[in-house]
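[1] below is the structure, and that's it, no one-letter string:
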Ligand code: G3I
């Protein structure tokens, strides 16, 4: 009998394996290390003092071909162990072109968000000309896979079609444009899309309102009206404000003021999306403080866009080491743990990863530098980060 321990992630782009550990032992060794006690601590933790606790370890090992990690059995998946929905932002075109993309989603996730297909430039590329093919594919996939659908996003300063950026009209015409967009999209998916990021990233880092086309044409209260229009179109949909606040305290304060103001005015807002595009050096203390302040609003809290960069300095000489993968895994673990410990169950809307495999990540497309920010490798194998996340969801 041979006990083999391995963790391997492949880099599709160059075909090389960038992380591979293998331990084989004889029957005698297996007897010594009994089934329940051999937690071969393959990836030992050499943490930064500010990022992980000394007791944090990631255990990934295989016994007679069966992969085990601490606290889970080989049939465990993200959705089977998590006490709240686990989502991925997806690109519906990959569902048909990459079978493993679809399989991984169906096996691991019970919620999907849309990375881009609900954005205005994709769903209404021409004035009044709505393109439903991708969003229909997404919701049909979710239905057949028994997944929740979160719509991202109705009103955003970016990803606008040219007909909007060049639109000429008075404030009434702009109001009508915005309202019609929201109500057409929400109305089509009434009762199907559970929740929406109604407005995304309305603030600058200094806490002032972003001078978006919406602000310029419609004034500061356009945000409140977006929520009202969405609520009219589907009174049962859960409505979120989504923002990138990590490490941006002034913006966070502005978001809190906004949502508290909406609540006070009786405008339907049900949750806050806390984007989490972080890196292996991001401090858990800061994340905890941020999330705690959102919890205090009493609204649902969604970690809406989780990815963790391994190469925070965008180094062109990046080398993927085991130590980096360990830190990456621990960061995923700690994010899951903090969500479970800081957000009361009644406010846990879930955690959404910002796509599935590393090769699908926006970071690969927007940065010329190497990075491996997600839970699955380019070929959709489970990475150490996956096991770290699982541990954070369970322990
Ligand atoms: O649609 C064109 C396609 O026709 C063309 O072939 C392709 C060539 O690269 O570009 C395609 O559009 C790109 C689109 O992603 C789809 O891949 C856009 O240029 C690109 O700007 C767009 O980037 C998206 C970005 O938002 C802007 O909308 C990223 O994929 C997406 O991950 C990112 O997501 C945002 C969230 O919405 C809000 N929070 C931050 C997060 C990360 O930036």
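    Nice, thanks for sending it over. Keep in mind the model is a prediction, meaning the values are calculated, not measured. Numbering: from 1, shown residues only.

[2] how far does stretch 281-295 sit from its chain's centre?
    Centroid separation for stretch 281-295 versus its chain: 16 Å, with Cα atoms, centre = their mean, to the nearest Å.

[3] for it, buried residues please.
    The neighbour-count check on stretch 281-295 (16 or more other Cβ atoms under 10 Å) flags 282, 284, 287, 288, 290, 291, 293, 294, 295 as buried. In short, each C-beta sits where N, CA and C put it, glycine included.

[4] among these, which ones are in helices?
    Under the assignment DSSP state H, the buried residues of stretch 281-295 contribute 284, 287, 288, 290, 291, 293, 294, 295 to helices.

[5] before we move on, back to that, pLDDT added to the buried residues of stretch 281-295, as TSV?
    Formatted as TSV, the buried residues of stretch 281-295 follow (pLDDT from 0 to 100):
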residue	pLDDT
282	97
284	93
287	96
288	96
290	96
291	98
293	97
294	98
295	98
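
[6] ok, of those residues, which one's closest to residue 265?
    Of all the buried residues of stretch 281-295, residue 265 sits closest to residue 294, with 18.9 Å by Cβ to Cβ.

[7] so how far is residue 151 from the closest one?
    From residue 294 across to residue 151, the span is 20 Å (Cβ to Cβ, to the nearest Å).

[8] and residue 322, by the same measure?
    The value you get for residue 322 to residue 151, if Cβ to Cβ is used, is 39 Å.

[9] relative to residue 77, how far out is the closest residue to residue 137 other than its chain neighbours?
    Leaving aside its sequence neighbours, residue 137 sits nearest to residue 92 (Cβ to Cβ, 6 or more residues apart in numbering; 4.1 Å). In this view, residue 92 and residue 77 are 21 Å apart by Cβ to Cβ.

[10] these two: which is more packed in?
    More crowded of residue 92 and residue 77, by other Cβ atoms under 10 Å: residue 92, with 21 against 18.

[11] and the more buried one, what is it in contact with?
    Residues in contact with residue 92 (Cβ atoms under 8 Å, 6 or more residues apart in numbering) are 114, 117, 134, 135, 137, 138, 141.

[12] please tell me how far the closest residue in space to the fourth one that isn't next to it in sequence sits from residue 348.
    Read that as residue 135. Using Cβ to Cβ, 6+ apart and skipping residues adjacent in sequence, the residue nearest residue 135 is residue 117, 5.3 Å away. Separation of residue 117 from residue 348 (Cβ to Cβ): 26 Å.

[13] just to revisit the earlier point, residue 322 and residue 151: which is more packed in?
    Set residue 322 next to residue 151 and count neighbours by other Cβ under 10 Å: residue 151 wins out with 27 against 17.

[14] low-confidence ranges, this structure, go.
    Applying pLDDT under 70 to the chain picks out residues 1-72.

[15] where do the strands sit along it?
    Assigned by DSSP state E, the strands in the chain fall at 3-10, 17-25, 60-63, 66-69, 86-90, 111-114, 148-156, 195-200, 238-243, 271-279, 300-309, 348-353.

[16] relative to strand 300-309, how tilted is the last one?
    Relative orientation of strand 348-353 with respect to strand 300-309: 20 degrees, computed using axes from the mean of the first three to the mean of the last three Cα atoms, to 10 degrees.

[17] is there any residue in strand 348-353 that contacts the ligand?
    No. Strand 348-353 is not in contact with the ligand by Cβ under 6 Å from any ligand atom; minimum separation 11.1 Å.

[18] how big is the angle separating that strand from strand 238-243?
    Using the same axes, to 10 degrees: strand 348-353 against strand 238-243 is 50 degrees.
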